[in-house]
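*Asks:* need a 3D model of the sequence below.
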Amino acid sequence: MKSLFFLFFIFGILASPVALVFLSSEPTPRVAELRPATPQDARRAKRMVLSFRKLTETETGDRAIQVSEADLNGALIFASRAIPSLRARAEVLPYGVVIDGSFRLPTGKWANATAEFAPAEEGIALSYLQIGEVALPAGPVIPAAELLMNLVLGDGLGTIAVNGVRNTRIAGKTVTAEVVLTRADRKALASRTKDRVRAASGFSTAEDLRDYWLAMQRAAESGKLDPNGTFAQFLHFAVDRAAMRATAETARYEMQTALFATAIQCGHHKLQFLIGEVVPPDLVRTPSACSQATLAGRRDLRAHFALSAGLQIASDAGFAFAVGEYKELLDASRGGSGFSFDDIAADRAGIEFAIFLTESNPADWPAIAANLAQEQDMFPRIDDLPSLMPQAEFEDRFGGVDTPAYRQMLAKIDARITDLPVFSVQ
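*Replies:* Below you'll find the predicted structure:
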């Protein structure tokens, strides 16, 4: 009887917020449409991540992190680019940080929420929470979230996460907090969360990804793949191997694994952080078989294509495109190489390639692999696309992202991708 009661208790914790969100849905969003992203937003989001990582790398010295209202909103704009259904904004006030959020539900209505976090000496202090028109008692929310994370992640990691930030205080429009998470805590939280998400989603295991990665590495060592040749041959190898290994039950899994392993091999080995240890430790410092391969004569375009295809497999197109787009915004800012629509073309081609492969009939995969013999069959023309634009030039010519001129350029790129021969196999 105690076990049955416990199961109902856990189900209530999990189901109540979901039910409340749907019951409190509203016809309009609380958060108006956000402004377009800027290079400054990209820099702020990157700076926040790097600052947090730096503080968890050491247990000595200054442990404080400072985040301004502009930093928070820059990160939230990045999140909205990654998740198109989400809108969020933050306001730093003398008594706390207020975050408004709106999320478009499958029904077309909006789930609106407002949360207020107050300064606190220990942990995270939620002082106010409203979902829709319903104001909820804020007191039990953080303990319930901590309990749920402990149940899902194990080893008290929920408690570690909640207590990882303390002594938060506000001065003007800036929040300062002490980060007490260690590097080991951060890595344990990230690793366990990835394991749970991967298991729940049915995503590829590190072992299966390693098998594809090593197959490419060995093919290059044997001369079957030319390490200095075109990236198209690596895609051909991955798709062909997935087609040979696929069964009626495992086809989609095999293609996802093949494309994500290609992203680690031909994009960057650090992409494995989403899953776990894929590249054998003794080969981490060894150049990958694909490191010198090119796309349209450039190694950077190969990396853009491969990484975007991998991120598409691991998430959705919104997130994959947001990563590429923000990289371009960073490049457009001071010290970067400049905003390049040819890079954006590689990002979007990689996304569309991953979508096409995972949604196509496995019986067509051998024919699709054959269409990868030449890269002009799987990559659009880019010679006339604006490239290496500093921030001032990019804003002068296109006005930023989400402007008519910017969307027109994306439509031009997408039309070229749609017409590629590789997508004609049905």
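*Asks:* please identify the helix or strand for Phe117.
*Replies:* strand 110-118 (DSSP states H and E).
*Asks:* buried ones in that strand?
*Replies:* The neighbour-count criterion (16 or more other C-beta atoms under 10 Å) identifies Trp110, Ala111, Asn112, Ala113, Thr114, Ala115, Glu116, Phe117 as the buried residues of strand 110-118. Bear in mind the C-beta positions are built from the backbone N, C-alpha and C, glycine included.
*Asks:* can you give me the helices in the stretch 251-400 of the chain?
*Replies:* 251-266, 299-314, 317-332, 341-359, 365-370, 391-398 (DSSP state H, counting those that start in this stretch).
*Asks:* quick one: which of those helices has the weakest pLDDT on average?
*Replies:* Lowest mean pLDDT within the helices of the stretch 251-400 of the chain: helix 317-332, at a mean of 50.
*Asks:* please parse the protein into its domains.
*Replies:* 2-196, 202-424 (automatic domain parsing).
*Asks:* Glu207: which of the helices of the stretch 251-400 of the chain is closest?
*Replies:* helix 251-266 (10.1 Å; C-beta to C-beta).
*Asks:* now that closest one against helix 341-359, angle please.
*Replies:* 150 degrees (axes from the mean of the first three to the mean of the last three C-alpha atoms, to 10 degrees).
*Asks:* could I have helix 251-266 exported to CSV, CA atoms only?
*Replies:* What follows is helix 251-266, C-alpha atoms only, in CSV (Å, rounded to 0.1, in the frame of the first residue of the first chain):
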residue,chain,number,x,y,z
ALA,A,251,16.0,1.9,-39.7
ARG,A,252,15.4,5.3,-38.3
TYR,A,253,17.7,4.6,-35.3
GLU,A,254,20.5,3.5,-37.7
MET,A,255,20.2,6.7,-39.8
GLN,A,256,20.2,9.0,-36.8
THR,A,257,23.3,7.2,-35.4
ALA,A,258,25.1,7.4,-38.8
LEU,A,259,24.4,11.1,-39.2
PHE,A,260,25.3,12.1,-35.6
ALA,A,261,28.5,10.0,-35.8
THR,A,262,29.3,11.9,-39.0
ALA,A,263,28.8,15.2,-37.2
ILE,A,264,31.3,14.2,-34.5
GLN,A,265,33.7,12.9,-37.1
CYS,A,266,33.4,15.8,-39.6
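*Asks:* poorly predicted segments of the stretch 1-150 of the chain, please.
*Replies:* Residues of the stretch 1-150 of the chain that meet the criterion pLDDT under 70 lie in 1-24, 39, 58-62, 81-82.
*Asks:* which of the buried residues of strand 110-118 sits closest to Ala289?
*Replies:* Distance ranking of the buried residues of strand 110-118 against Ala289, using C-beta to C-beta, places Ala111 first at 46.0 Å.
*Asks:* that closest one and Ile131 touch, don't they?
*Replies:* Yes - counting by C-beta atoms under 8 Å, Ala111 does reach Ile131; the two are 7.2 Å apart.
*Asks:* show me where the stretch 51-200 of the chain has its helices.
*Replies:* For the stretch 51-200 of the chain, applying DSSP H, counting those that start in this stretch gives helices covering 69-82, 141-153, 157-162, 183-201.
*Asks:* pLDDT on the last one, on average?
*Replies:* Mean pLDDT, helix 183-201: 70.
*Asks:* flag every buried residue along the next helix or strand after that helix.
*Replies:* The helix or strand immediately downstream of helix 183-201 is helix 206-222, counting by DSSP H and E. Residues of helix 206-222 classed as buried: 206, 208-217, 219-220 (neighbour count, 16+ other C-beta under 10 Å).
*Asks:* swap in stretch 27-38?
*Replies:* Going by neighbour count (16+ other C-beta under 10 Å), the buried part of stretch 27-38 is Pro29, Arg30, Val31, Leu34, Ala37, Thr38.
*Asks:* not counting sequence-adjacent ones, nearest residue to Thr38?
*Replies:* Among residues not flanking Thr38 along the chain, Gly400 sits closest, at 6.3 Å (C-beta to C-beta, 6 or more residues apart in numbering).
*Asks:* what are the phi and psi angles of that neighbour?
*Replies:* Dihedral pair for Gly400: phi 110, psi -170, per degrees, to the nearest 10.
*Asks:* what's the pLDDT at it?
*Replies:* 79.
*Asks:* that one reaches Asp41, doesn't it?
*Replies:* No - taking contacts as C-beta under 8 Å, Gly400 lies outside contact range of Asp41: 10.4 Å.
*Asks:* neighbour count: these two, which is higher?
*Replies:* Between Gly400 and Asp41, counted using other C-beta atoms under 10 Å, the more crowded position is Asp41 (24 against 17).
*Asks:* burial check on the nearest residue to that one once chain neighbours are set aside, number of neighbours?
*Replies:* Once flanking residues are discounted, Asp41 sits nearest to Gly74: 3.8 Å by C-beta to C-beta, 6+ apart. A total of 23 residues lie near Gly74 under the criterion other C-beta under 10 Å.
*Asks:* ok, now which ones touch Gly74?
*Replies:* By C-beta atoms under 8 Å, 6 or more residues apart in numbering, Gly74 lies in contact with Gln40, Asp41, Ala42, Arg43, Arg44, Ala45.
*Asks:* derive a ChimeraX selection command for the buried subset of those.
*Replies:* The following ChimeraX line selects those of the contacts of Gly74 that are buried, judged by 16+ other C-beta under 10 Å:
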select :41,42,43,44,45
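*Asks:* of the contacts of Gly74, which is the nearest to Asp384?
*Replies:* For those, the nearest to Asp384 is Ala42 (25.7 Å; C-beta to C-beta).
*Asks:* element containing that closest one, please.
*Replies:* Using DSSP H and E, Ala42 sits in helix 39-56.
*Asks:* got the CA coordinates for stretch 306-315 in CSV?
*Replies:* Only the C-alpha atoms of stretch 306-315 are listed here, as CSV (Å, rounded to 0.1, in the frame of the first residue of the first chain):
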residue,chain,number,x,y,z
ALA,A,306,28.0,18.3,-40.4
LEU,A,307,27.3,20.0,-37.1
SER,A,308,23.9,21.4,-38.2
ALA,A,309,22.9,17.9,-39.4
GLY,A,310,24.0,16.5,-36.1
LEU,A,311,22.2,19.1,-34.0
GLN,A,312,19.0,18.5,-36.1
ILE,A,313,19.2,14.8,-35.3
ALA,A,314,19.7,15.7,-31.6
SER,A,315,17.0,18.3,-31.4
